[in-house]
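1. just a sequence and a predicted model for now, questions to come.
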Amino acid sequence: MFETMKIACLIQGGIHENEPRITAKDVIRMATINGAKLLGLENKVGSIEVGKDADIILVDVKEKLDNITMLPNLNEIANLVYNTTGKNVLTTIVKGNILMENRKLKNIDLEEILEKCKKIYR
């Protein structure tokens, strides 16, 4: 999704050159609440509100050497769109259930999944 948001900004900028164009903030709205509106799900998802599904990711945007794409972090919203990948996701919450916390999968046996994948591959 991060790559899709980045491409949405870049391609639109390439088409319109110096004309006003969508911003990183616009693209995040497109990926969240406006996407939910398009699907008719804005009452369930798309924003953080009481009564909506708690589908949330926590992303590491700290300025540090092992997170080099975040340097310098002059604009966190733009950095989220242009420089973030799935590797920056720390925690994933779906419908209020923590599926991954601090990059560790919960309630999933990774070894079992890898074995099943190997069997399918063979």
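-> Okay, I see it. Residues are numbered from 1 along each chain as shown.
2. wait, Lys25 sits on Ile77?
-> Yes - with contact defined as CB atoms under 8 Å, Lys25 reaches Ile77; the gap is 5.2 Å. Where you see a C-beta, it was placed from the backbone N, CA and C, and this is true even at glycine.
3. okay, buried residues for the helix ranked longest in the chain please.
-> The residue-count maximum for a helix in the chain (DSSP state H) belongs to helix 2-16. Within helix 2-16, the residues that qualify as buried are 2, 5-6, 8-9, counting by 16 or more other CB atoms under 10 Å.
4. next, format those residues as a markdown table and append distance to Asp53 and pLDDT.
-> Converted to a markdown table, the buried residues of helix 2-16 look like this (distance: CB to CB, whole Å; pLDDT from 0 to 100):
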| residue | distance to Asp53 | pLDDT |
| --- | --- | --- |
| Phe2 | 21 | 90 |
| Met5 | 21 | 92 |
| Lys6 | 26 | 91 |
| Ala8 | 24 | 88 |
| Cys9 | 27 | 86 |
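5. now stretch 73-87: mean pLDDT?
-> The average pLDDT within stretch 73-87 is 87.
6. for that stretch, list every residue counted as buried.
-> 73, 79-84.
7. which of these lies closest to Leu38?
-> Nearest to Leu38 out of those is Val81 (CB to CB; 18.9 Å).
8. my guess is the closest one meets Phe2, correct?
-> Yes - with the criterion set as CB under 8 Å, Val81 and Phe2 qualify as a contacting pair; they are 7.3 Å apart.
9. which SSE is Ile57 in?
-> strand 56-59 (DSSP states H and E).
10. quick one: strands adjacent to that strand?
-> According to DSSP bridges, the neighbouring strands of strand 56-59, each with its direction, are strand 89-94 (antiparallel).
11. got the angle for the strand it pairs with vs helix 2-16?
-> Put simply, strand 89-94 runs at 100 degrees to helix 2-16, going by axes from the mean of the first three to the mean of the last three CA atoms, to 10 degrees.
12. list the neighbouring strands of whichever helix or strand comes after strand 89-94 plus their orientation.
-> Remark: after strand 89-94, the chain's next helix or strand is strand 97-101, criterion DSSP H and E. The sheet places strand 97-101 alongside strand 89-94 (antiparallel), strand 104-105 (antiparallel), with pairing taken from DSSP bridges.
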